[in-house]
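Novice: for reference, the sequence and a predicted model appear below.
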Amino acid sequence: MTKTELSEFERGAGAAAEAMRLYLVDENEAPMYEMSVSELDSFEAGAVADALADERRRVEHEGEEKNGPVVVPSVHRVLPTGYAGSGLVDKHYFEVTVEWRGTDPETQLDRWAVMHMGHCLSVDGVWEYEPLPSSRDEEFKRRFRFSFEDALRLATSAVDSVTINGRTFTQCEERIAAGS
């Protein structure tokens, strides 16, 4: 695990522990149970330390298994509203994916693209055809590569407006329901 990945994980573990703290304090941020503020601080620090130790063990364990296949999640499907209950035969055409596109050489953070049928979504919300890797310059990457959180936010905000043959998923469902 790189230093950047470790600090990102530590930041996330800290945020989770901070959120857990809300279950233990009242609206004035005083402990609700027989616990002092220093005990609460110690509990929070311990939770972060435990999470970091668990993550280090997980990474070390993965390193031991390099002789076999390694599974890395690199594509996440984002489905339009109402997808699960839909009877639309070609509903998969309305899916948007968030796809891993490598690591930024400067920050060492993963970069993700929001994709739909060979097109990627820009930071401005515009779909453009994704060129071959050799044609993707820095300006392109700046507009079409995101952190996972930003890519997921863009994908979920865009998925319900994807059109196939001029209709959104919802419009296709409504048309079928109307019998036309």
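Specialist: Good, I have the coordinates.
Novice: test my guess that P131 contacts E139.
Specialist: No. P131 lies out of contact with E139 (CB atoms under 8 Å); the separation is 11.8 Å. In this view, the C-beta of every residue, glycine as well, is placed from N, C-alpha and C.
Novice: let me see the mean pLDDT of stretch 113-132.
Specialist: The average of the pLDDT scores along stretch 113-132 is 95.
Novice: endpoints of it, how far apart?
Specialist: 14 Å (CA to CA, to the nearest Å).
Novice: quick one: buried residues of that stretch?
Specialist: A113, V114, M115, H116, H119, C120, L121, S122, W127, E130 (16 or more other CB atoms under 10 Å).
Novice: next one: stretch 141-154
Specialist: Neighbour-count burial for stretch 141-154 [16+ other CB under 10 Å]: F144, R145, F146, A151, L152, L154.
Novice: likewise for stretch 76-94?
Specialist: Those would be V78, L79, P80, Y83, S86, K91, F94, for stretch 76-94 by 16+ other CB under 10 Å.
Novice: picking up where we left off before, among the buried residues of stretch 141-154, which ones are in helices?
Specialist: Judged by DSSP state H, the subset of the buried residues of stretch 141-154 located in helices is F144, A151, L152, L154.
Novice: residues in contact with I176?
Specialist: Going by CB atoms under 8 Å, 6 or more residues apart in numbering, I176 touches G87, L88.
Novice: hang on, it is in a helix, isn't it?
Specialist: Yes. Assessed with DSSP: H, G, I helix; E, B strand; the rest coil, I176 lies in a helix.
Novice: and the furthest pair within the buried residues of stretch 76-94?
Specialist: With CB to CB as the measure, no two of these lie farther apart than V78 and S86, at 14.9 Å.
Novice: and the helix or strand encompassing D41, average pLDDT?
Specialist: If you go by DSSP states H and E, D41 is part of helix 37-64. Helix 37-64 shows a mean pLDDT of 68.
Novice: beyond that helix, next helix or strand please.
Specialist: Per DSSP H and E, the helix or strand that comes after helix 37-64 is strand 75-78.
Novice: contacts for that next one, please.
Specialist: So strand 75-78 is in contact with E95, V96, T97, V98, E99, W100, L152, A155, T156, V159, going by CB under 8 Å, 6+ apart.
Novice: can you count the residues close to the second one?
Specialist: V96 is flanked by 25 other residues according to other CB atoms under 10 Å.
Novice: need the contact list for it.
Specialist: Contacts of V96 by CB under 8 Å, 6+ apart are R77, V78, V114, M115, H116, L121, A155, A158, V159, V162.
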